[in-house]
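Enquirer: What would the 3D arrangement of this be:
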Amino acid sequence: MPAAMPVPASAPMGLCALLAAVADRHPARIAFVDQASKPDWCGRPAIAWTFAAAREIVARLAEGLQQLRLPPRSPVGLCMAGMAEAHLAFLAIEQAGHVPCLLPVTWDEDRLLQAVESAQILAILTQGVLGAERPAETMCRVAMRYFPLRFVAAFGPHVPDGVLSLDQVVLDHRGDAAALGTGPAAGLVTFALPGAGSAGPSSEPAGAPVAVRREAEALTAAAAGCLAPMRVEPGDRILSLMPPSDLKGLATGLAAALLAGATLECHPVFEAGTLSAALDQPVPTHLVAPAWMEAGFARTTVAGRLRTLAYVHRAPCRLSGRLPGRAGVVDILAFDETALLCGRRDAQDVGLVLAAPERAALAPERAALAPERVAPIPDRTADRAGLIQLRRDPDGRLSFRGAACTARMLHRGITREENQDGWMPSRFRPSLFAGVATAVAEV
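Expert: Numbers count the residues shown, from 1 in each chain. Reported below is the predicted structural model:
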């Protein structure tokens, strides 16, 4: 078999190339760690995967997906909780030459059907059990209502009849691990929900899902924008409480960990005891949590055990309740699926950047990128004023442009351009007081 050809410098480099790069240099380093209580809510063992083992399993899953004979760059849904198998499945979809479409596992059948139709999804990877829910059975019902959805595959236990067993795919196939990441990545799709807010864990977004398509390098750029203020080093641990089913969860989780050469540990089910035990481990840790948890964490000693505590906000939201000037605290503000604005509270605070948008033009320090990374952001990105720019339009609305926020809307698989002179408008405006943004509201 001939040696795999390197990816041309102009080809979009995906997350598989980052996984392969770290696996080549540090095969025994831990890539993914499952939540210790994982067997209780999904019936699968909690496993710590090295980069070498992850590369092997991704190659096997990708080989199995290629046997489905889907057209190249087909949209393939991924509807799973934040566990190691979800990360491996995302990478396998990319390696197979298809487009991962992230479907939140908490959505109901009707909303999942809307998303599947919007992105024209042809296959879905999911899981059999999630607590009392049966995601694979839900996807079977979605497939019955949307004829073009040809394949449903799931990790066990309780894989329904007619659903492909992904555990069996891993056993039956021997993929070429050496070829991982040697082809161009086809990008990904996430879904925005108009009317979404961040009032708390129980807030229910309104509106039909809108499919948002972005290329692989845009995801990498968004992750780099998060890593700069978080200052994650190779071998550190990112412990995420965010679901990996949208831009903010992916850019601060899987993409950030692979770009940094760090370990990713996700806790999709919040359990105080399990989280406390995980934080007690003697590993440099960066915790990523929803912003509504800040009041609770402020009453604990969690911050003292962390390198970074990153709070993720979802616009529209209030910023006035934050504790200012806290060293080691990072705010990540998500504007639908368009852009992520990140900053440390002790420097480049998001409230100051929203009040003076020219601050966002400052490029993240290159020193924040680990030396073992493989130049994931093309040189042409450096020609722009940083990874992200923002401006306030005459009506107060925020608009974005830059490598980290390059995205296009999809409607039934057809791209719809929203850019205006290179700027992507949003539906949000900042509320200012004394030169600082105290909230982000809908226009």
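Enquirer: mind checking how far the closest residue to Leu164 other than its chain neighbours is from Gln120?
Expert: Spatial nearest neighbour of Leu164, chain neighbours left out: Ala153 (3.7 Å); criterion: CB to CB, 6 or more residues apart in numbering. (Glycine included, C-beta is placed from N, CA and C.) Distance from Ala153 to Gln120, counting by CB to CB, to the nearest Å: 18 Å.
Enquirer: Which one of those two is surrounded by more residues?
Expert: Between Ala153 and Gln120, Ala153 has the larger neighbour count (other CB atoms under 10 Å), namely 23 against 19.
Enquirer: what sits against the more buried one?
Expert: Listed by CB atoms under 8 Å, 6 or more residues apart in numbering, the contact set of Ala153 reads Ala123, Ile124, Leu125, Thr126, Val163, Leu164, Ser165, Leu166, Val169.
Enquirer: if you look at those residues, which of them are in strands?
Expert: Among the contacts of Ala153, the members falling in strands (DSSP state E) are Ala123, Ile124, Leu125, Thr126, Leu164, Ser165.
Enquirer: Which single one of these is nearest to Ala256?
Expert: Minimum distance to Ala256 across the ones in strands among the contacts of Ala153 is 22.0 Å, recorded for Leu125 (CB to CB).
Enquirer: Surely that closest one and His87 touch.
Expert: No. Here Leu125 does not reach His87: they are 11.8 Å apart, not a contact under CB atoms under 8 Å.
Enquirer: neighbour count winner among those two?
Expert: Taking other CB under 10 Å, Leu125 and His87 do not tie; Leu125 has more neighbours (30 against 27).
Enquirer: check contacts around the more buried one.
Expert: Applying CB under 8 Å, 6+ apart to Leu125 gives the contacts Val76, Gly77, Leu78, Cys79, Met80, Ala89, Ile93, Ala153, Ala154, Leu166.
Enquirer: Which ones among those residues lie within helices?
Expert: The helices, defined by DSSP state H, take in Ala89, Ile93, Leu166 from the contacts of Leu125.
Enquirer: Let me know the closest of these to Pro184.
Expert: Using CB to CB, the ones in helices among the contacts of Leu125 come closest to Pro184 at Ile93, 14.0 Å.
Enquirer: burial count for the nearest residue to His286 once chain neighbours are set aside?
Expert: The spatially closest residue to His286, leaving aside those adjacent along the chain, is Thr308, at 4.1 Å (CB to CB, 6+ apart). Neighbour count of Thr308, defined by other CB under 10 Å: 21.
Enquirer: now swap in Asp331 and tell me
Expert: Asp331, neighbours per other CB under 10 Å, totals 23.
Enquirer: Would you reformat the ones in strands among the contacts of Ala153 as CSV and include distance to Thr438?
Expert: Output for these, formatted as CSV (distance: CB to CB, whole Å):
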residue, distance to Thr438
Ala123, 45
Ile124, 42
Leu125, 42
Thr126, 41
Leu164, 50
Ser165, 52
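Enquirer: low pLDDT regions in the stretch 251-400 of the chain?
Expert: Applying pLDDT under 70 to the stretch 251-400 of the chain picks out residues 325, 361-385.
Enquirer: the helices in it, which residues?
Expert: Using DSSP state H, counting those that start in this stretch, the helices found in the stretch 251-400 of the chain span residues 254-260, 272-279, 294-298, 350-355.
Enquirer: nearest residue to the residue nearest to the spatial centre of the chain other than its sequence neighbours?
Expert: In the chain, the C-alpha nearest the mean C-alpha coordinate belongs to Leu250, at 0.7 Å (CA atoms, centre = their mean). Distances taken as CB to CB, 6+ apart place Pro244 nearest to Leu250, at 5.7 Å, with adjacent residues excluded.
Enquirer: where does that neighbour sit relative to Trp423, distance-wise?
Expert: With distances taken as CB to CB, Pro244 is found 29 Å from Trp423.
Enquirer: what sits up against stretch 426-437?
Expert: Contacts to stretch 426-437, defined as CB under 8 Å, 6+ apart, come from residues 194, 315-316, 319, 335-336, 338-339, 350-352, 354-356, 392, 395-400, 438-443.
Enquirer: Equivalent analysis for stretch 312-325, please.
Expert: 196-198, 242, 248, 252, 288-291, 294-295, 298, 311, 329, 331-336, 345-346, 349-351, 426, 428, 437-442.
Enquirer: Is it correct that the residue nearest to His286 is in contact with Arg231?
Expert: Yes. Counting by CB under 8 Å, Arg231 is a contact partner of Thr308 at 6.6 Å.
Enquirer: quick check: domain ranges of the protein?
Expert: Domain ranges of the chain: 15-186, 214-442, per automatic domain parsing.
Enquirer: Ala208: which of those is closest?
Expert: Nearest of the domains of the chain to Ala208, taken as CB to CB: domain 15-186 at 4.9 Å.
Enquirer: how long is that closest one end to end?
Expert: 11 Å (CA to CA, to the nearest Å).
Enquirer: Could I get the pLDDT score of Gly195?
Expert: Each residue has a pLDDT score; the one for Gly195 is 66.
Enquirer: How many residues are close by Pro324?
Expert: Neighbour tally, Pro324, other CB under 10 Å: 11.
Enquirer: how far away is it from Ala20?
Expert: According to CB to CB, Pro324 and Ala20 sit 42 Å apart.
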